[in-house]
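>>> sequence and predicted structure below; questions after.
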Amino acid sequence: MKYEERATIRSLRREGKYLLLSLFSPRIAREARPGQFVNVRVSDTLDPLLRRPLSIADVVGEEVRLLVQIRGKGTRLLAEKVVGDTLSLVGPLGNGFPMMEREVIFVAGGVGVAPFAWLMRLFPSARLLVGFRSCEMIPPLDWFDEKRVMIATDDGSAGEKGTVLDMMKKVSLKDKVIFACGPHRMLAALSDFLEKNSPDIEAYFSTESMMACGFGACKGCVLPKRDGEYALCCSDGPVFAWREMVWETR
Amino acid sequence: MFETKIGSLIFKNPVLTASGTWGMGEPFADFYEYGLLGGVVLKTLTPSPRKGNPPPRLYETPAGLLNSIGLENEGFDAFERRICEENPFSLWKTNVIVSIAGDEEEDFVRLSERASRLPGIAAIEVNLSCPNVHAGGVTFDARKEDVYRIVSKVMEKASLPVFVKLSPQHDLVGNAKEVERAKACAVTISNTFLGLAIDSQKKSFVFARKFAGFSGPAVKPLALANVYRVAQAVSLPIIASGGVASGEDALEFLLAGASLVEIGTMAFVKPRLPVEVVEFLEKSCGNVRPTPLP
Ligand SMILES: Cc1cc2nc3c(=O)[nH]c(=O)nc-3n(C[C@H](O)[C@H](O)[C@H](O)COP(=O)(O)OP(=O)(O)OC[C@H]3O[C@@H](n4cnc5c(N)ncnc54)[C@H](O)[C@@H]3O)c2cc1C
Ligand SMILES: Cc1cc2nc3c(=O)[nH]c(=O)nc-3n(C[C@H](O)[C@H](O)[C@H](O)COP(=O)(O)O)c2cc1C
Ligand code: FES
């Protein structure tokens, strides 16, 4: 069941390019699964018109947590909100990551870390490998179990110098399952890497696309599949088995 | 609430969903009971399945939306099979309107005939604002003579009420007169406006097909003007479509001369908007249809 729910901002913290939001949204919190998203109306006016899709970073009791990178018009408006303001959410939307009794490795790029806050609690021994451009792009990680977070930066300003794939090369993938979330370019590179090093591995990638509705009505959010058809990012995904999809760099 | 009669069909309120913004119903199932609306219009069906255009398919503008979906749909055959097997529409307790389009003229005739035989369907919306493959991609409503000929042929074969949806890119008033002369039951004013998006950084077009359909609140004044102009020219019932974002907007279209109002883009943002519009009209008009402005 999905809802349109008016959520009250319980806490909001702005740090650098990021915003951490906790929203009182009991119906969505109750139904949500890790890897699903909410579509957030950042303003009750008509500009920006469309909602902004944001991953559910975590659910704590009746609160939904969002980790937002401030990028453009919509996310800037979100950053101007204050505690006690309300926001209209539609959700929970899409299909999350599959729950399983397997050893999982989390791989993220940039704000793609968001859904792993919750997943790290559900998979208490899983490690998170995450890449950022530089140390300024690292969000506050207090929602994460930082002991299990391995960071790489392109410029070496924090963690290891290199990409998340350089870190992948050092871990054994045998019998592991991969959950990944990040920009398309990172997922494409990860797909290449798996193709070469571990083609039979089970892996699930969380994707992004421009969206109008977020629930299958507009057919605007298509991503190409290997069988030549299109899938809807919002309602067939956003999490897909990596082998189903085309990952060439766009 | 005041009822609206179009031919033999009764609409318990004047609020409909718009084709292509409501899928085949499933996406809105969690948000409201379809029986609360006057009617629902399904995504346009074509004779064969269409994969649609490559991404990106969407581009946001201030208060507006450009889309280049490319009529992605399952195809009429698959739809027909499903509806005959499952007969879902009788449970919806509202007027279910099937939207059809073709690659060539005869497709409209064939699909109207077949749609007329399906269970649970109240009416057919003929989407003439799509490209004719035999005419270099111009839409079927680009020439008045074609509009008259296609609609007349459809009327011979269809046994359900027929609505004709036009593109605002052509002579809407002239075309609406042809639709009336060909004895269709209503005209839908209108489909999306022609729009273009350019990426100034990449120095390229945003969409593979360059042009896209423009909709949403930004187009409302244009749609309102078109509805009013057509209402002045024909006595055929008008179904308004373009930019409705509130109950007040819907009322404005009724005052401009529309009989029914479709809600599209804005339901992506406010999924329950159609129901809210019904509630607003119930409160502000009750049992009395607002009198169109002169
Ligand atoms: C399923 C899903 C989950 C997401 N989860 C998160 C999240 O947890 N945290 C987060 O910070 N961001 C997330 N995003 C991306 C987020 O939706 C965009 O960053 C946001 O919509 C940008 O809005 P804006 O108005 O600030 O920027 P705009 O001014 O609209 O655009 C700024 C930049 O963001 C890009 N962008 C715009 N819309 C999208 C979109 N729908 N998807 C991807 N990029 C977009 C544009 O191409 C442009 O480069 C998610 C996207 C999807 C599809
Ligand atoms: C994503 C999208 C898909 C559409 N698909 C169709 C379609 O398949 N057939 C059709 O007749 N109109 C289609 N339309 C046009 C709408 O039905 C409607 O006429 C138009 O968007 C104007 O109304 P609005 O501003 O309320 O959206 C589509 C519009 C959008 C935004
Ligand atoms: S965003 Fe509308 S169908 Fe996916």
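Here it is on my side, so go on. Numbering: from 1, shown residues only, chains lettered A, B, ... in the order given. Ligands and ions are numbered 1, 2, ... in the order given.

>>> phi, psi for residue 52 please.
This is for chain A. phi -110, psi 120 (degrees, to the nearest 10).

>>> could you do chain B instead?
phi 90, psi 180.

>>> residues near it, how many?
Neighbourhood size, B:Gly52 [other C-beta atoms under 10 Å in any protein chain shown]: 17. (Glycine included, C-beta is placed from N, CA and C.)

>>> and for the one 5 residues further on?
When neighbours are defined as other C-beta under 10 Å, B:Arg57 has 27 of them.

>>> distance of the closest residue to it other than its chain neighbours from A:Val111?
Spatial nearest neighbour of B:Arg57, excluding adjacent residues (C-beta to C-beta, 6 or more residues apart in numbering or on different chains): A:Gly220 at 4.5 Å. Using C-beta to C-beta, to the nearest Å, one obtains 22 Å as the distance from A:Gly220 to A:Val111.

>>> more neighbours, the two?
For A:Gly220 versus A:Val111, the count of surrounding residues by other C-beta under 10 Å is larger for A:Gly220: 27 against 23.

>>> so what's that one up against?
Contacts of A:Gly220 were listed using C-beta atoms under 8 Å, 6 or more residues apart in numbering or on different chains, and they are A:Met210, A:Met211, A:Ala212, A:Cys213, B:Arg57, B:Leu58, B:Asn67, B:Ile69.

>>> how is chain A divided into domains?
As assigned by automatic domain parsing, chain A contains the domains A:3-93, A:103-244.

>>> for ligand 2, find the nearest of the ones you listed.
For the domains of chain A, proximity to ligand 2 was assessed by C-beta to the nearest ligand atom; domain A:103-244 is nearest, at 4.2 Å.

>>> that closest one close to ligand 2?
Yes - in terms of C-beta under 6 Å from any ligand atom, part of domain A:103-244 sits within range of ligand 2, namely A:Cys218, A:Gly220.

>>> measure B:Val147 to chain A for me?
Separation of B:Val147 from chain A (C-beta to the nearest C-beta, to the nearest Å) stands at 27 Å.

>>> helix, strand or coil for that residue?
helix (DSSP: H, G, I helix; E, B strand; the rest coil).

>>> just the pLDDT for it.
The model reports B:Val147 with a pLDDT of 97.

>>> how about the one 5 residues further on?
As summarised for this prediction, B:Ser152 has a pLDDT of 98.

>>> wait, it sits on B:Ala182?
Yes - because the distance of 4.4 Å satisfies C-beta atoms under 8 Å, B:Ser152 is recorded as touching B:Ala182.

>>> what about the longest helix anywhere in chain A, distance to the chain center?
Ranked by number of residues, the top helix in chain A under DSSP state H is helix A:184-197. Between the centre of helix A:184-197 and the centre of its host chain there is 17 Å, according to C-alpha atoms, centre = their mean, to the nearest Å.

>>> now tell me what touches that helix from outside.
Against helix A:184-197 from outside (C-beta under 8 Å, 6+ apart): A:107, A:109-110, A:112, A:131, A:163-165, A:168, A:173, A:178, A:180, A:201, A:203, A:205, A:207-208, A:242, A:247-250.

>>> counting only helices, which of these make the cut?
Checking the contacts of helix A:184-197 against DSSP H, those in helices are A:Val164, A:Leu165, A:Met168.

>>> list just the nearest of these to A:Glu103.
Distance to A:Glu103, by C-beta to C-beta, is smallest for A:Met168 among the ones in helices among the contacts of helix A:184-197, at 14.9 Å.

>>> tell me the SS of the residue nearest to B:Arg57?
Three-state call for A:Gly220 (three-state DSSP): coil.

>>> before we move on, what about B:Glu262?
strand.

>>> with A:Leu87 instead?
Secondary structure of A:Leu87, reduced to three states by three-state DSSP: strand.

>>> hang on, it packs against A:Leu23?
Yes - using C-beta under 8 Å, A:Leu87 makes contact with A:Leu23 at a distance of 6.6 Å.

>>> need the overlap of contacts for the two.
Taking C-beta under 8 Å, 6+ apart as the criterion, A:Leu87 and A:Leu23 both touch A:Ala7, A:Ile9.

>>> so for those two, which residue has more residues nearby?
A:Leu23 (25 against 22).

>>> most proximal residue of chain B with respect to ligand 2?
B:Gly20 (1.9 Å).

>>> and that residue, how far is that from A:Asp44?
According to C-beta to C-beta, B:Gly20 stands 26 Å off from A:Asp44.

>>> neighbour count winner among the two?
The neighbour comparison of B:Gly20 against A:Asp44 (other C-beta under 10 Å) goes to B:Gly20, with 26 against 9.

>>> which of the three states applies to that one?
Under three-state DSSP, the three-state class of B:Gly20 is coil.

>>> now do the contacts for the closest residue to it other than its chain neighbours.
Take B:Gly20 and drop its neighbours on the chain: the residue closest to it by C-beta to C-beta, 6+ apart is B:Lys43, 5.1 Å away. The neighbours of B:Lys43, taking C-beta under 8 Å, 6+ apart as the test, are A:Lys219, B:Ser19, B:Gly20, B:Trp22, B:Gly23, B:Met24, B:Asn73, B:Ser99.

>>> that older thread, top of the ones in helices among the contacts of helix A:184-197 by neighbour count?
That'd be A:Val164 among those, by other C-beta under 10 Å, with 26 neighbours.

>>> so that one is in contact with A:Leu129, correct?
Yes - under the contact definition of C-beta under 8 Å, A:Val164 touches A:Leu129, with a separation of 5.3 Å.

>>> pull up the overlap in contacts between those two.
Shared contacts of A:Val164 and A:Leu129, defined by C-beta under 8 Å, 6+ apart, comprise A:Val107, A:Ala108, A:Ala152.

>>> out of the residues you listed, which is nearest to ligand 3?
The closest of these to ligand 3 turns out to be A:Ala108 (C-beta to the nearest ligand atom; 22.7 Å).

>>> and the closest one, bridged to which residues?
A:Val130, A:Cys181 (DSSP bridges).

>>> tell me how far it lies from chain B.
23 Å.

>>> cool, and A:Ser172?
To chain B, A:Ser172 is 36 Å away according to C-beta to the nearest C-beta.

>>> and that residue, how many neighbours?
Neighbourhood size, A:Ser172 [other C-beta under 10 Å]: 8.

>>> got a list of what it touches?
No residues are in contact with A:Ser172 under the rule C-beta under 8 Å, 6+ apart.

>>> then the one 10 residues further on?
A:Gly182 sits next to A:Val107, A:Ala108, A:Gly109, A:Gly110, A:Gly112, A:Gly131, A:Val164 when contact means C-beta under 8 Å, 6+ apart.

>>> is it correct that the second one is in contact with A:Phe132?
No - with contact defined as C-beta under 8 Å, A:Ala108 and A:Phe132 do not form a contacting pair (9.4 Å).

>>> count of neighbours near the residue of chain A found nearest ligand 1?
In chain A, no residue comes nearer to ligand 1 than A:Gly72, which is 2.0 Å away by C-beta to the nearest ligand atom. Neighbouring residues of A:Gly72 were enumerated by other C-beta under 10 Å; the total is 9.
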